[in-house]
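J.: Sequence first, then the predicted structure:
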Number of protein chains: 2
Amino acid sequence: MTEKHDQETETRLDTVFAATREMFELPEGVIYLDGNSLGPLPVTARRRVFDEIDAQWGARLIKGWNESGWIDLPQATGARIAALVGAPKDSVVACDSTSVNLFKVLSAALQMRADRRVLLSDSGNFPTDLYIAQGLLGRLDGGHELKIVEPDAVADAIDENVAALMLTEVDYRTGRLHDMADLTERAHDAGALAVWDLAHSAGALPVRLEEAGVDFAVGCGYKYLNGGPGAPAFLYLRPGLAAQIRPVLSGWMGHEAPFAFDTDYRPAPGIGRMLVGTPPVLAMASLHAALEVWDGVGMSDLRVRSIELSQRFIAEVEKRCPELVLASPRDPHARGSHVSFRFPQGYAVMQALISHGVIGDFRAPDLLRFGFAPLYLCPSDAVRAAEILEATLRDRLWDRPEFRQKMKVT
Amino acid sequence: MTEKHDQETETRLDTVFAATREMFELPEGVIYLDGNSLGPLPVTARRRVFDEIDAQWGARLIKGWNESGWIDLPQATGARIAALVGAPKDSVVACDSTSVNLFKVLSAALQMRADRRVLLSDSGNFPTDLYIAQGLLGRLDGGHELKIVEPDAVADAIDENVAALMLTEVDYRTGRLHDMADLTERAHDAGALAVWDLAHSAGALPVRLEEAGVDFAVGCGYKYLNGGPGAPAFLYLRPGLAAQIRPVLSGWMGHEAPFAFDTDYRPAPGIGRMLVGTPPVLAMASLHAALEVWDGVGMSDLRVRSIELSQRFIAEVEKRCPELVLASPRDPHARGSHVSFRFPQGYAVMQALISHGVIGDFRAPDLLRFGFAPLYLCPSDAVRAAEILEATLRDRLWDRPEFRQKMKVT
C-alpha cells in the first residue's frame, strides 16, 4: 500500500469508527479495555430494553409474543450474528449460554461419530468448555476420552480416533489465534468433526465459518457483541447438518409445532431444533438491538483498526514499562483483539490502573489483559492507556499497604 | 368460620391485595387473566431493569459483576423463590429455562437410581417436560422407558421399576392439582425419586417442597412470579442431595472456584453446582425485583383469595354462559389458580374477548383458559370478566367472517 492509500484508509476508518463510538454510552473519563469480558452499553440496546419493558411487556402483556416479535428473536438475533461470522443467515440462533450450547453441539457431534471415542481439545481452551465436555463424557457410557494437548500440538494430535475437535479460536489469556480453516480441514481429513468456540472471535476479527467448513460453533453475546451482562449466546450449524441431529436438549421451542402441545417431540426443521426453552426476552432484545451498531462496519476494516490499536498499545507499553513482559504473540496476525502482559504484581497493578480510569482485567497468575474494540476505542485511547499504565507503575499505589488491604491483595 | 371472621378476613385480604395491585403497571381498561402465561409488569422490575442498564451496566461496566451483585443473583433470586415454595433458602437457584433445568435434575435422578429403567409421568404434563425426558432417554444407552399414564393412574403405576416420578403439579390446561405430598411419599415407598414441575404452582398456591420430601423441583419465573417474558427459571434440590450429584451440565458457574480457571471441573458445594453458564443479568434482575411484590403476602391468604376469585368467576360464567362447559375440577381444592371452559369455537371467542379487553388464552382444541392472580385481580374483576365474556358470546363478533379472517380462524 502506498502512503496515500494508508492515509485514505486511516481517514475512512476514523469516520466509520467515530460514528460507532457515538453509539455507546461510555462513562466520562474511562478508557474501557475490557470489552472482551463485557461490552459497554450501546444506545440502541438501552432504548430497546426500555421499550420492551414499557411498550411491549407492560402494555401488550402476553400479546408481546406475536405483536412484539418475541417469538422470532432467537432467529432474528441469530441472523444478525451470522453476518458477522461468515455464516448464512439461517445457520445461527441466539439462545441459552455458551456452555449450554456447547453441550448441545458436542452431544450431536459425538452421536454423529459414534464409532470414535476421543474428543480433542487444548490447554488454551476456556475452562468451561473443558468442564462441559467432562460432564457430557461422564454421562455417556462409551468410554470416551477428553484429550487435552498444548495448543501447538493440536494439529499433530488429530487422528482417526478423534470424533471431534473442540477449540476456542482465540485464547482467552494471551489472544493466541488458531488457524480455524487449517485445523478444520485437518479434522475433516481425519474423518473428525470441528467444533469452534468463538467467544473472543465474534465481533473481534473476521470469521468465515461457512468458508472454513466448520461443522459446529458456539459463541458469546456479551463480549464483542455488546449484548449486555449475561446476554444470550449463539449456536451455528453447518448448512445441511441440522437434519442429522436429534437434539439431546429437546425442548418445546425446538419442536416443529410448539403450540400444538403434542406429546411426542418432533424436531423443527433446520437450526430451530437447537432451541430449548422460552427465550429470555429482555436479555435477547438487548443483544438484538446491540447488533445494530454493526450496520455499515466491515469486518476487514475492524481488523485493520484492531491491529492498529493493539500494536500501538504494545509499542507504547514496551517503551514506557520495560518491567512488563508481552504474553501475547508479537505477530498481530497470530492473535485476536486483546493483548496481555505478565507482571508478578499483576492483580494489584490492575486494581490501581482501574482506579486511575483504565479498565482492563487480570487473569491468574500474573496476566494484565487489555481488549481493543475499535467500535468505541481510537488510537489516542491506546496511547493514553499506556501513559496511565506507566504512571500507575511509577506512583506505586498498587504497592501501598492501605491500597492492598482495601483491594484484598494478599 | 363465623360470619364475623369471614368479614374480617375479607377486609384484611382486600387491604393486602389492594396494596399489591398498586405494585403493577397494568394497562388501562384491561382485565388480565393470563398471568399464568406471562405475569404483568411489576413497578419494582421496571425500576430495577432501568437501573441495571444505566447505573450498573452503563456506568460500572465489568465492575458490575461484583459491585452490582450480578454474580450473586442466581442465589439471591433463588432465596426469594424458596420462601414461596416451602424450601430452605439455600435449596433454590434461579437459572436457565425450566426445560434445561428439568434436563439437569432428570439426569441426576436417573443416575441416582441407575438400576432402574422407568421414568414415570402423566399425559397432563406440559409437553416440553415430556420432550426433555425423551431427549435425555434417547441419549442414554440403558434402555430407559418414559412411561406416560393418565393423571388418575399415576399412583397405581408407581412400582419398583420406577427410577423417578416426573409430574407437573398443576395441569396447564384444566388446572387439575396433583397431591404432591401423597405421590412423593408413594414414590419414596417404592424406592423412586420425585421430580416436580411447579410452573403453575409457584406463586399460585402454597407449595411445601421440604415438608413433602420432594427430591427435585423446577419451575418458571415468568408466570405467577411476574419476572418478565422468558425470565430465568428455578431449580430446587432437597437439602443434602447436592453432594450426591455430579452435574451433567457442568459449567464454570457451577465450579467450586470459577475464576481460578482450573482445567478440571470440581462441583461447587451445595446447589451452586447446578448453575452452568453466565447468568442473564437483565432478565434475572427483573425477576429478582419482581419478587419484592411478595413481601408481606402470605401464601394461605393468597390461596383463599385465589379460590374466591375462581369460584366467583365460575359461578358467574355458569349463570351467564350456559353454552360453556367447565373443564376444570369443580372442587377448588382440586385445582390450581386457573380455570378452563370448553367451547367448540374457543379460539375465535378468545380473540373476540381479548378485543373487548379481557385477556385470557386458548389451548387447543377447545379450551378457554383464565388465570386468577390475587396480586393484581380483585373479586369485581372476576365478575366483570364474566359479564364481558357473556356479552362477547352474545354479540357474536367471533362468528363474523371479517373478524374470523382477520384473526386467521379457519
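T.: Arrived safely, thanks for sending.

J.: got a list of contacts for stretch A:203-213?
T.: Applying Cβ atoms under 8 Å, 6 or more residues apart in numbering or on different chains, the external contacts of stretch A:203-213 come out as A:36, A:39, A:84-88, A:91, A:169-170, A:177, A:180-181, A:184-185, A:188, A:194, A:196, A:198, A:201, A:217, A:223-226, A:236, A:238-239, A:294, A:299-300, A:302-303, A:306, A:336-338, A:373. Yep, even glycine has a C-beta here, placed from its N, CA and C like the rest.

J.: Now do the SS call for the residue of the stretch 201-350 of chain A found nearest chain B.
T.: For the stretch 201-350 of chain A, the residue closest to chain B is A:G277, as judged by Cβ to the nearest Cβ, at 2.4 Å. What DSSP: H, G, I helix; E, B strand; the rest coil gives for A:G277 is coil.

J.: what does the stretch 301-410 of chain A put close to chain B?
T.: A:354, A:359, A:361, A:363-364 (Cβ under 8 Å from any Cβ of the partner chain).

J.: Hmm, B:Y222 and the residue of the stretch 201-350 of chain A closest to chain B touching each other?
T.: No - using Cβ atoms under 8 Å, A:G277 makes no contact with B:Y222, being 10.5 Å away.

J.: related to what we said a few turns ago, list buried residues within the contacts of stretch A:203-213.
T.: A:36, A:39, A:84-87, A:91, A:169-170, A:177, A:180, A:184, A:188, A:194, A:196, A:198, A:201, A:217, A:223-226, A:236, A:238, A:294, A:299, A:302-303, A:306, A:336-338, A:373 (16 or more other Cβ atoms under 10 Å in any protein chain shown).

J.: Relative to A:A45, which of the residues of the stretch 301-410 of chain A next to chain B is nearest.
T.: A:I359 (19.0 Å; Cβ to Cβ).

J.: Number of residues surrounding that closest one?
T.: Look at A:I359: counted by other Cβ atoms under 10 Å in any protein chain shown, it has 26 neighbours.

J.: cool, and A:I314?
T.: For A:I314, using other Cβ under 10 Å, the count is 20.

J.: Can you tell me the SS state at it?
T.: helix.

J.: Per-residue pLDDT of it, please?
T.: For A:I314, the pLDDT comes out at 98.

J.: my guess is it contacts A:S340, does it?
T.: No - using Cβ under 8 Å, A:I314 is not in contact with A:S340, being 10.4 Å away.

J.: joint contacts of those two?
T.: A:326, A:328.

J.: gap between the longest strand belonging to chain A and the chain center?
T.: The single longest strand within chain A, with elements called by DSSP state E, is strand A:162-168. When distances are taken as Cα atoms, centre = their mean, to the nearest Å, strand A:162-168 is centred 18 Å away from the chain's centroid.

J.: Paired strands for that strand, with orientation please.
T.: According to DSSP bridges, strand A:162-168 has the following sheet partners: strand A:118-122 (parallel), strand A:193-197 (parallel).

J.: just those strands: most buried one?
T.: strand A:193-197 (a mean of 27; mean count of other Cβ atoms under 10 Å in any protein chain shown).

J.: mind saving the C-alpha coords of that strand as PDB?
T.: What follows is strand A:193-197, C-alpha atoms only, in PDB (Å, rounded to 0.1, in the frame of the first residue of the first chain):
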ATOM      1  CA  LEU A 193     -15.900 -33.000  13.100                       C
ATOM      2  CA  ALA A 194     -14.800 -29.500  14.000                       C
ATOM      3  CA  VAL A 195     -16.500 -27.600  16.900                       C
ATOM      4  CA  TRP A 196     -15.300 -24.000  17.400                       C
ATOM      5  CA  ASP A 197     -16.000 -21.600  20.300                       C
END
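
J.: For the helix or strand following that strand, buried residues please.
T.: Past strand A:193-197, heading to the C-terminal end, the next element that is a helix or strand (DSSP states H and E) is helix A:209-212. Across helix A:209-212, burial judged by 16+ other Cβ under 10 Å covers A:209-210, A:212.

J.: Any chance of JSON lines for the residues you listed, columns pLDDT?
T.: Listed next are those as JSON lines, based on pLDDT from 0 to 100:
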{"residue": "A:L209", "pLDDT": "98"}
{"residue": "A:E210", "pLDDT": "98"}
{"residue": "A:A212", "pLDDT": "98"}
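
J.: Who are the contact partners of the residue nearest the centre of chain A?
T.: Residue closest to the average C-alpha location in chain A (Cα atoms, centre = their mean): A:A199, at 2.3 Å. Shown in contact with A:A199 (Cβ under 8 Å, 6+ apart): A:98, A:126, A:168, A:170, A:172, A:219-220, A:223.

J.: what does A:G298 give?
T.: Per Cβ under 8 Å, 6+ apart, neighbours of A:G298: none.

J.: same check, this time on the one 4 residues further on
T.: Residues counted as contacts of A:L302 (Cβ under 8 Å, 6+ apart) are A:204-206, A:374-375.

J.: any chance you could map the helices in the stretch 1-150 of chain A?
T.: For the stretch 1-150 of chain A, applying DSSP state H, counting those that start in this stretch gives helices covering A:3-21, A:43-51, A:59-60, A:64-67, A:73-82, A:98-112, A:127-139.

J.: and the stretch 51-200 of chain A, which of its residues are near chain B?
T.: Close to chain B, as judged by Cβ under 8 Å from any Cβ, the stretch 51-200 of chain A has residues A:52-54, A:56-59, A:61-65, A:70, A:96-100, A:103, A:107, A:111, A:123, A:126-128, A:130-132, A:134-136, A:138-142, A:148.

J.: so where's chain A shaky on pLDDT?
T.: A:1-3, A:5, A:410 (pLDDT under 70).

J.: domain ranges for it?
T.: A:3-32+A:297-406, A:47-294 (automatic domain parsing).
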